[in-house]
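Engineer: Quick one, what's the 3D model for this:
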Amino acid sequence: MHQFTITLLRHGETTAPNNLNGKTDVSLSELGEQQMHDALANIENLSQVISSPLIRCAKVAQEYALQCDLPFTINPEFAEIDFGDWDGQPFGELYRQQPELMDKFWRTPWEVTIPNGEQLDAFQHRIDNAWQQLINQQHNSLVVCHGGVIRYLIAKVLNLGPTNNSHITALKIDYAAVVEIQITVDEDKNVYPMLLWP
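Structural biologist: Sure, this is the predicted structure:
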C-alpha cells in the first residue's frame, strides 16, 4: 500500500476580480500574490509543483518551485474552462445581456453550449486525464490551478456524478484556498482518494 497527498492551491485575487476569467490570462493583484505566498508558507513535504499555464497561477508557482528546489511542470490540462465569448467579461454585463442563459449555465451547465467556448464534458475529460497522470506518478504534488478545476476534483473525489452541479453552487473556493486530497493505492492498484478537511 502506498499513500501520497495531492495539494490543490487556487490562484490569488486577480486584477479583474469582477470578470468571468477562464482562458483570459489576467495577472494577480498585489494582494493576490501575497495571498498565495501566505498559503504556500504552510505547505510542506512536496516532491513536485505543477501549474496551470495561466499567469495568475504559473508566476508564483514557478517562483516557489525554484525557491524550494522542486521540479516544476506546466500542465495545460489544469487550465480553467474556456468561457468562449463570455471569457474576460464582467459578470454584471453578462447577466444584463443574457440573464436566462447565465442562470441556466450555473444550474445545469451540461445542458448549455457556451458560445465559442469549451463544453463541460471536454473540460472534465482533460481534468480527468491530468488527475490520472498524478495518480500514476504517486508523488506528493502541489497543483496550482483554478476554482473550477478544484470544484470539479472535489466532486470527483466525492463521487457526485457528471450531472450534479452542487459543487458549483454550494462550494466557495476562496482565492489562494488550499485543498488536500490523500491518495491510497493498494497492492491491487485500487485507488482510494480522501478529502482532508480542513
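Engineer: okay, and the helix or strand of this protein with the least pLDDT?
Structural biologist: helix 166-169 (a mean of 72; mean pLDDT, DSSP states H and E).
Engineer: Confirm that residue 7 sits in a helix.
Structural biologist: No - using DSSP: H, G, I helix; E, B strand; the rest coil, the secondary structure at residue 7 is strand, not a helix.
Engineer: Okay, and the beta partners of it?
Structural biologist: residue 142, residue 180 (DSSP bridges).
Engineer: any idea how far it lies from residue 179?
Structural biologist: Distance of residue 7 to residue 179, given as C-beta to C-beta, to the nearest Å: 7 Å. For glycine as for every other residue, the C-beta is placed from the backbone atoms N, C-alpha and C.
Engineer: Residue 150 too?
Structural biologist: Between residue 150 and residue 179 the distance, using C-beta to C-beta, works out to 6 Å.
Engineer: what does residue 138 give?
Structural biologist: Distance from residue 138 to residue 179, by C-beta to C-beta: 19 Å.
Engineer: okay, the two: which has more neighbours?
Structural biologist: residue 179 (21 against 14; other C-beta atoms under 10 Å).
Engineer: for the more buried one, what are its contacts?
Structural biologist: Residue 179 is in contact with 7, 8, 150, 153, 154, 173, 195, counting by C-beta atoms under 8 Å, 6 or more residues apart in numbering.
Engineer: same thing but 7 Å
Structural biologist: Applying C-beta atoms under 7 Å, 6 or more residues apart in numbering to residue 179 gives the contacts 8, 150, 154.
Engineer: ok, now which ones touch the first one?
Structural biologist: Residues near residue 8 by C-beta under 7 Å, 6+ apart: 143, 145, 150, 153, 179.
Engineer: Excluding chain neighbours, what is closest to it?
Structural biologist: residue 179 (4.4 Å; C-beta to C-beta, 6 or more residues apart in numbering).
Engineer: Check what pLDDT that neighbour gets.
Structural biologist: Listed pLDDT for residue 179 reads 98.
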